[in-house]
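# got a predicted structure here, sequence first:
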Amino acid sequence: MTDTRTKTPRERYRAQVRAEIKEHAWEQIATAGASALSLNAIAKRMGMSGPALYRYFAGRDELITELVRDAYRSLADTFRAAAGAGAGLAGPAHALRAWALDDPHRYFLVFGTPVPGYRAPDDVTGIAAETMAVILDACAALPSDRPTTSFGTHIEGHRQWADGHPAPPAAVHRALTVWTRLHGVLSLELAGHFTGMEFDPALLYAAELDDLLER
């Protein structure tokens, strides 16, 4: 990361304006969702003309990419810190829920319904793969006598997201099972589908994790 002290006043101003644009973008997403993101509306809120704002972001997709990149980088850093604490798979799993609850709109931007017409560039998907690699490493470290399933055999050789993290098919299958089940609980909780069901979602999440750790 470039030290801000080495930047020119012009560069610092540009960085500040871009940061403010992203703040307004998150406000829009919280109100109407990412599909309704409008650079012209943000420009109006900031007292700028549309063309002036486009000097900072070339279009809606570039702005969304920056938001998605920031979100994935935040999660990847959170995962690495949790993994470094030595709690095994439980560390990143609990860190995932805390990260999601801290900002549900950020969670849904990267794990919710895709924004129509938007496709993330390769570098963003690479950052996303870092989070999955942490889960894969944790699963590979767990003792297991599970046989390789037909699905495990199928995905061997189809693990671009796990490049540099070799693991037996059983560990890969386990990592994907952890990922999908925990996200299933989180997505339902954050969308409010447990409201009125009179149980603590945190306990359900913990129970799912305990079951996954015992497999």
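Arrived safely.
# nearest residue to the spatially most central residue of the chain in space, please, no chain neighbours.
In the chain, the C-alpha nearest the mean C-alpha coordinate belongs to Y72, at 4.3 Å (Cα atoms, centre = their mean). Sequence neighbours aside, I127 is the residue nearest to Y72 in space, at 4.2 Å (criterion: Cβ to Cβ, 6 or more residues apart in numbering). (Glycine included, C-beta is placed from N, CA and C.)
# which parts of stretch 33-47 are buried?
For stretch 33-47, burial by neighbour count (16 or more other Cβ atoms under 10 Å) applies to 34, 37, 39, 42-43.
# return the member of those residues nearest to E20.
Closest approach between the buried residues of stretch 33-47 and E20, by Cβ to Cβ: I42, at 9.1 Å.
# just to revisit the earlier point, kindly reformat the buried residues of stretch 33-47 as TSV containing secondary structure, distance to V68 and pLDDT.
Shown next, in TSV, are these (DSSP: H, G, I helix; E, B strand; the rest coil; distance: Cβ to Cβ, whole Å; pLDDT from 0 to 100):
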residue	secondary structure	distance to V68	pLDDT
A34	helix	9	92
L37	coil	12	93
L39	helix	16	94
I42	helix	17	96
A43	helix	21	95
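# and D70, what does it touch?
Contacts of D70 were listed using Cβ atoms under 8 Å, 6 or more residues apart in numbering, and they are K22.
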